[in-house]
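Chemist: Okay, here's the prediction I keep looking at, along with the sequence it came from:
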2 protein chains.
Amino acid sequence: MSVDLHPRVKVLAFDTFGTVTDWFTGISGAVGAIAPEVDAAAFAKKWRRRYSPILARVESGELPWRRLDDLQTETLHDVASLFALTLDDDQARTLVRAWRTIPAWPDAVEGLQLLKRDHIVCALSNGTVALLTDMARYNAFPWDVIGGSDLWRHYKPARETYCGLADLLEVEPAEVMMVATHQSDLDAARSFGLRTAFVERPDEWGGDEKDDSGSPDNDFHATDLLDLARQLSPSVTGPSR
Amino acid sequence: MSVDLHPRVKVLAFDTFGTVTDWFTGISGAVGAIAPEVDAAAFAKKWRRRYSPILARVESGELPWRRLDDLQTETLHDVASLFALTLDDDQARTLVRAWRTIPAWPDAVEGLQLLKRDHIVCALSNGTVALLTDMARYNAFPWDVIGGSDLWRHYKPARETYCGLADLLEVEPAEVMMVATHQSDLDAARSFGLRTAFVERPDEWGGDEKDDSGSPDNDFHATDLLDLARQLSPSVTGPSR
């Protein structure tokens, strides 16, 4: 099946937080630098768990559309209170902006460079264009296009994001493949006609708690982006395969 | 003056047709390949002269917003009729899409790479995101962000394009510098609070007809993008300066 569909995939759309970057290391490091007295790993994980629910409240219409930084500021203060931590505005801003400088997974830059040879490579993230631009410059991600949530004023898994990217690139949804380490993202993409590739990131949650191993319904399943590049474009790695 | 303002410029926004790419060579070459019987240079220039007027008709409200390719298809047929040329749909599509593969000026890629070290580098063009993505991949332009007209459904010199890019990048207009070889583009940018840099492209019209040499009101005036990089970041070229 993969072989038949491959020629039609022109665009690869990448989730960023978790799929190309290691938010756990970045955010727990930033928390530890500001509040050495708290359990930074636990703080980072609690904050990350507040992420999807508040985006869902925006998509349900309960909250008006706001940029991710504003939503993350709100959830940050909620989580800080759980840790009996009071953050001033500068500290909160530093932590919210730490999502712009979370480190790439070790394979991400080379993987994207390989995948870019035959595909348009895009970020498709709930971060804003400005956030993703900072992240890309920090990590040297070679995006062709940065699909930030502010382009559509919608958050994944809303249809407007996946189909909005296809429309922006003047292709059909079936010509776009979503690449993510979160099956919920891929399930939504698939429901709107996109192809899907799951990327394993077993350390996304700092070595434990990751309970997402991908569905057999995905078009591809890769151990990392180098593996995905090998599967999509066997020629790029030469005769060793 | 330039020295004082430089630290505040975070984003460089580049016009594309003429400023980073040589539309005359690209389009006259494409016309010559399809219709060797016509004067390809004259055809390319006539077509290019139809560009700004039809965009202005969109901005005035006379025409509804349409993607640049659709507008260029309309002007192409008008110009073809002047040359007694009838184009079928495939030929028209080939010529309209030739704007996606016009070649870079020889200094453009290295200049953008140098300028990218200290600035966010963006296309800010009347092309669509998809068009500019194809152009970037064809020429290896290292854009951080592609500001296509379809993001705002407006064409330069409309305010929505210049200020829309600043908003998208979460900066003030004064933190953005428009870089172009067309003074009208820079005058508009300046009127909305952006900084401006003029780049000489004496061969834009195939060696003649260029009657735009830039205003002394611009913040910078450069012979090409390497010169602009030297002026903005003297350190990048080392002690030879």
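Modeler: On my side now, so go ahead.

Chemist: Which residue comes closest to A:Pro173 once chain neighbours are left out?
Modeler: A:Gly193 (3.6 Å; C-beta to C-beta, 6 or more residues apart in numbering or on different chains). For glycine as for every other residue, the C-beta is placed from the backbone atoms N, C-alpha and C.

Chemist: all helices for chain A, in order.
Modeler: Applying DSSP state H to chain A gives helices spanning A:2-5, A:23-34, A:40-49, A:51-59, A:68-82, A:89-97, A:108-116, A:129-139, A:159-168, A:183-191, A:225-232.

Chemist: Flag the shaky bits of chain A, pLDDT-wise.
Modeler: By pLDDT under 70, the weakly predicted segments of chain A are A:1-7, A:234-241.

Chemist: about what we covered before: out of the helices of chain A, nearest to chain B?
Modeler: helix A:129-139 (4.0 Å; C-beta to the nearest C-beta).

Chemist: Tell me if that closest one is near chain B.
Modeler: Yes - part of helix A:129-139 sits near chain B under the criterion C-beta under 8 Å from any C-beta of the partner chain, namely A:129-130, A:133, A:136-137.

Chemist: May I see the buried residues of stretch A:68-83?
Modeler: A:68-69, A:71-73, A:75-76, A:79-80, A:83 (16 or more other C-beta atoms under 10 Å in any protein chain shown).

Chemist: Relative to A:Gly61, how far out is A:Arg153?
Modeler: Using C-beta to C-beta, to the nearest Å, A:Arg153 is found at 12 Å from A:Gly61.

Chemist: my bad, A:Trp105
Modeler: For A:Trp105 relative to A:Gly61 (C-beta to C-beta), the value is 35 Å.

Chemist: hang on, the earlier thing: let me know the closest of the residues of helix A:129-139 next to chain B to A:Val179.
Modeler: A:Ala136 (15.6 Å; C-beta to C-beta).

Chemist: residues in contact with that closest one?
Modeler: A:123, A:143, A:146, B:144 (C-beta atoms under 8 Å, 6 or more residues apart in numbering or on different chains).

Chemist: Tell me the span between the first and last residue of stretch A:217-227.
Modeler: 18 Å (C-alpha to C-alpha, to the nearest Å).

Chemist: my bad, stretch A:171-187
Modeler: End-to-end distance (C-alpha to C-alpha), stretch A:171-187: 20 Å.

Chemist: What residues of that stretch count as buried?
Modeler: For stretch A:171-187, by 16+ other C-beta under 10 Å, it's A:171, A:173, A:175-183, A:185-187.

Chemist: same check, this time on stretch A:142-151
Modeler: A:143-151.

Chemist: Near chain B, list only the ones from the residues you listed.
Modeler: Among the buried residues of stretch A:142-151, chain B is touched by A:144-146, A:148, A:150-151 when using C-beta under 8 Å from any C-beta.

Chemist: May I ask which two of the residues you listed are separated the most?
Modeler: A:Asp144 and A:Asp150 (18.3 Å).

Chemist: Pull up the residues of chain A that are close to chain B.
Modeler: A:120, A:128-130, A:133, A:136-137, A:142, A:144-146, A:148, A:150-151, A:168-171.

Chemist: can we see that at 7 Å?
Modeler: A:120, A:129-130, A:133, A:136-137, A:144-146, A:150-151, A:168-170 (C-beta under 7 Å from any C-beta of the partner chain).

Chemist: Report the contact partners of A:Arg57.
Modeler: A:Leu63 (C-beta atoms under 7 Å, 6 or more residues apart in numbering or on different chains).

Chemist: separation between A:Thr73 and A:Arg50?
Modeler: From A:Thr73 to A:Arg50 the distance is 11 Å (C-beta to C-beta).

Chemist: if I look at the nearest residue to A:Thr25 once chain neighbours are set aside, how far off is A:Ser28?
Modeler: Excluding the flanking residues, the one nearest A:Thr25 by C-beta to C-beta, 6+ apart is A:Pro103, at 6.0 Å. For A:Pro103, the distance to A:Ser28 (C-beta to C-beta) stands at 12 Å.

Chemist: Neighbour count: the two, which is higher?
Modeler: Per other C-beta atoms under 10 Å in any protein chain shown, whichever of A:Pro103 and A:Ser28 has more neighbours is A:Ser28, with 22 against 15.

Chemist: list the contacts for that one?
Modeler: Per C-beta under 7 Å, 6+ apart, neighbours of A:Ser28: A:40-41, A:44, A:206.

Chemist: hmm, back to that, more neighbours: which of A:Trp105 and A:Gly61?
Modeler: The residue with more neighbours, out of A:Trp105 and A:Gly61, is A:Trp105; 21 against 8, by other C-beta under 10 Å.

Chemist: show me the contacts for that one.
Modeler: A:20-22, A:201, A:224.

Chemist: so which two of those residues are the farthest from each other?
Modeler: Counting by C-beta to C-beta, the most remote pair of the contacts of A:Trp105 is A:Thr21 and A:Asp224, 12.9 Å apart.

Chemist: Those two - which one has more neighbours?
Modeler: Taking other C-beta under 10 Å, A:Thr21 and A:Asp224 do not tie; A:Thr21 has more neighbours (26 against 17).

Chemist: Good, we can wrap up now.
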